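Asks: just coords:
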Ligand SMILES: Cc1cc2nc3c(=O)[nH]c(=O)nc-3n(C[C@H](O)[C@H](O)[C@H](O)COP(=O)(O)OP(=O)(O)OC[C@H]3O[C@@H](n4cnc5c(N)ncnc54)[C@H](O)[C@@H]3O)c2cc1C
């Protein structure tokens with residue numbers, strides 16, 4: 001029977017692009033099918049349009065950022081297509097990159113567009129046939145083996161299909177969880193899909209705080225009195241709650257705990273100081289500033305617009321002066337600065353996340369080849385799998401690496 005291609009890749013995101021490029025590089029006739037009219041939509045919006053391409057450092061350190069079972073799964077792929085390799089691929093074609101102190105790698109000129117343009121040039125040069133505006137509706141399976149895909153533009157036949165349809169956050173970017181439906185239909189288990197790297201909506205969100213940022217604080221989540229998560233960094237108040245690296249950092253654990261009970265948040269506004277150390281700072285400041293209001297001290301820890309709320313949390317008067325600020329007030333202020341309560345979490349919106357946790361069960365995919373253990377000819381890569389790393393370039397690295405292995409294995413399977 002006539003085949004349209006050796007390898008069909010569904011989804012032109014980070015994983016699908018690298019999978020298609022790798023398969024075609026080995027000599028496989030490759031078609032990349034994308035439902036939207038764009039290549040790498042999520043790469044374009046990644047890192048706020050700046051694209052945090054990957055994370056620098058030894059691979060074992062990179063892998064340590066993932067949950068252990070997820071790290072175990074992506075380890076072979078990350079060693080086959082490393083953080084250095086994706087950077088080299090881009091810099092070989094003129095992209096200049098820099099590494100931030102925290103290990104995150106970005107293009108120097110701060111634009112994800114350059115990254116996508118270079119990836120497009122690789123696909124073009126190697127002859128990948130890209131079909132935009134073509135939505136895939138399902139897999140064609142014959143005698144327990146993949147035989148192609150149904151698309152909005154008709155069926156396409158090939159002995160291997162790579163599903164790289166991503167997760168289900170930011171559905172407007174094209175990712176609506178389609179790959180999970182097809183995977184389930186051929187016997188795969190889809191582990192519960194949850195928000196990850198998402199903002200957190202609060203019960204008592206105050207829209208007036210929106211846009212206010214706290215720099216380098218420690219955000220903590222509690223279920224009852226038990227601390228369940230903490231993340232240090234910046235925190236941004238939004239209309240509905242909080243965002244920024246700290247909120248994204250704890251969002252996955254918060255989501256998991258919300259399923260069984262309430263979660264509250266608090267912020268340590270002086271994370272480098274112990275209670276005792278901070279008590280000394282407060283004491284010394286009061287001694288040095290006998291004529292000032294306590295508000296001036298609080299201003300050293302939070303932006304002006306939040307001073308009133310912090311003082312209210314200490315149950316002191318807003319215009320409290322130092323001479324009237326007793327030991328009880330000082331102790332209470334230290335307590336609030338070390339754990340300013342933000343209130344109860346309402347929800348963590350899955351669709352607003354940078355990625356989702358959950359997806360195709362890792363037990364059912366061979367980590368060395370990204371081959372389905374359920375059905376012949378099917379390969380799976382990227383966020384469609386049950387892998388979700390933290391903020392820092394980890395998710396693109398995982399998508400690039402698993403995409404590379406899927407493309408390599410699919411092509412070898414056909415060409416051998
Ligand atoms: C706002 C935002 C910022 C981010 N910033 C970063 C960052 O800086 N660094 C980082 O490492 N990660 C970042 N991420 C996460 C990262 O972008 C994703 O984890 C990664 O892009 C996943 O790659 P993927 O190829 O698996 O899926 P995707 O990039 O989501 O690609 C899937 C593709 O499949 C297509 N598709 C879906 N269904 C069909 C269908 N039925 N038929 C045809 N095509 C289909 C979609 O249109 C899409 O193009 C960010 C994510 C978001 C949303």
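Replies: Great, that's in hand. Nothing here was measured: the structure is a model prediction, and the numbers come from that model. Numbers count the residues shown, from 1 in each chain.

Asks: which parts of the stretch 301-416 of the chain sit against the ligand?
Replies: The stretch 301-416 of the chain comes close to the ligand at residues 354-355, 382-383, 393-396, 399, as judged by Cβ under 6 Å from any ligand atom. Just so you know, the C-beta spots here come from the backbone N, C-alpha and C atoms, and that holds for glycine as well.

Asks: just give me the neighbour total for residue 287.
Replies: By the criterion of other Cβ atoms under 10 Å, residue 287 has 9 neighbours.

Asks: quick check: pLDDT value at it.
Replies: Per-residue pLDDT puts residue 287 at 93.

Asks: check which helix or strand it maps to.
Replies: Per DSSP states H and E, residue 287 falls inside helix 275-288.

Asks: give me the contact list for that helix.
Replies: Contacts to helix 275-288, defined as Cβ atoms under 8 Å, 6 or more residues apart in numbering, come from residues 270, 273, 297, 300, 322, 325, 330-331, 333-335, 337-338.

Asks: and if we set it to 7 Å?
Replies: By Cβ atoms under 7 Å, 6 or more residues apart in numbering, the surrounding residues in contact with helix 275-288 are 270, 273, 297, 322, 325, 330, 333-334, 337-338.

Asks: got a quick PyMOL command for the buried subset of the residues of the stretch 301-416 of the chain next to the ligand?
Replies: Of these, the buried ones go into a single PyMOL selection, burial set by 16 or more other Cβ atoms under 10 Å:
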select buried, resi 354+355+382+383+393+394+395+396+399
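
Asks: before we move on, back to that, please identify the buried residues of the helix holding residue 287?
Replies: Neighbour-count burial for helix 275-288, counted by 16+ other Cβ under 10 Å, picks out 278-279, 281-282, 285-286.

Asks: one step back: among the residues of the stretch 301-416 of the chain next to the ligand, which are in strands?
Replies: residue 355 (DSSP state E).

Asks: check what pLDDT the residue of the stretch 301-416 of the chain found nearest the ligand gets.
Replies: Nearest residue of the stretch 301-416 of the chain to the ligand (Cβ to the nearest ligand atom) works out as residue 382 at 2.3 Å. Here the pLDDT value assigned to residue 382 is 98.

Asks: give the contact list for it.
Replies: Applying Cβ under 7 Å, 6+ apart to residue 382 gives the contacts 13-15, 164, 166, 399, 402-403.

Asks: got these as JSON lines, with pLDDT columns?
Replies: Output for the contacts of residue 382, formatted as JSON lines (pLDDT from 0 to 100):
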{"residue": "13", "pLDDT": "98"}
{"residue": "14", "pLDDT": "98"}
{"residue": "15", "pLDDT": "98"}
{"residue": "164", "pLDDT": "98"}
{"residue": "166", "pLDDT": "97"}
{"residue": "399", "pLDDT": "98"}
{"residue": "402", "pLDDT": "98"}
{"residue": "403", "pLDDT": "98"}
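
Asks: got JSON lines for those, with secondary structure too?
Replies: Shown next, in JSON lines, are these (DSSP: H, G, I helix; E, B strand; the rest coil):
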{"residue": "13", "secondary structure": "coil"}
{"residue": "14", "secondary structure": "helix"}
{"residue": "15", "secondary structure": "helix"}
{"residue": "164", "secondary structure": "coil"}
{"residue": "166", "secondary structure": "coil"}
{"residue": "399", "secondary structure": "helix"}
{"residue": "402", "secondary structure": "helix"}
{"residue": "403", "secondary structure": "helix"}
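
Asks: restricted to buried residues, select those in ChimeraX.
Replies: Selection of buried members from these for ChimeraX, criterion 16+ other Cβ under 10 Å:
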select :13,14,15,164,166,399,402,403
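
Asks: and the nearest residue to residue 51 once chain neighbours are set aside, backbone torsions?
Replies: Once flanking residues are discounted, residue 51 sits nearest to residue 112: 3.5 Å by Cβ to Cβ, 6 or more residues apart in numbering. With angles defined as degrees, to the nearest 10, residue 112 sits at phi -70, psi -20.

Asks: distance of residue 112 relative to residue 40?
Replies: Distance of residue 112 to residue 40, given as Cβ to Cβ, to the nearest Å: 8 Å.

Asks: ok, now residue 26?
Replies: 22 Å.

Asks: more crowded one of those two?
Replies: Using other Cβ under 10 Å as the criterion, residue 26 and residue 40 rank with residue 40 on top: 23 against 18.

Asks: isn't that one right up against residue 15?
Replies: No. Contact status for residue 40 versus residue 15: not in contact, 10.4 Å apart, counting by Cβ atoms under 7 Å.

Asks: next one: stretch 380-397 to chain centre, how far?
Replies: How far stretch 380-397 lies from its chain's middle: 7 Å, per Cα atoms, centre = their mean, to the nearest Å.

Asks: end to end on it, go ahead and measure it.
Replies: Using Cα to Cα, to the nearest Å, the end-to-end distance of stretch 380-397 comes to 15 Å.

Asks: the ligand contacts on the protein?
Replies: 10-16, 33-36, 41-42, 45-47, 51-52, 135-136, 164-166, 169-170, 174-175, 178, 354-355, 382-383, 393-396, 399.

Asks: what segments of this structure are helices?
Replies: Applying DSSP state H to the chain gives helices spanning 14-26, 41-45, 59-64, 68-80, 83-91, 112-126, 178-185, 244-258, 275-288, 294-298, 304-313, 327-338, 394-415.

Asks: and the ones you listed, which is most packed in?
Replies: With neighbours taken as mean count of other Cβ atoms under 10 Å, the helices of the chain reach their highest mean count in helix 14-26, at a mean of 29.

Asks: quick one: low-confidence ranges for the protein?
Replies: Across the chain, the ranges flagged by pLDDT under 70 are 1.

Asks: now with 90, please.
Replies: Counting by pLDDT under 90, the chain shows low-confidence ranges at 1-2, 47-48, 110, 144, 315-325, 416.

Asks: and it, what are its domain boundaries?
Replies: The chain breaks down into these domains under automatic domain parsing: 7-193+355-415, 200-270+342-350, 275-339.
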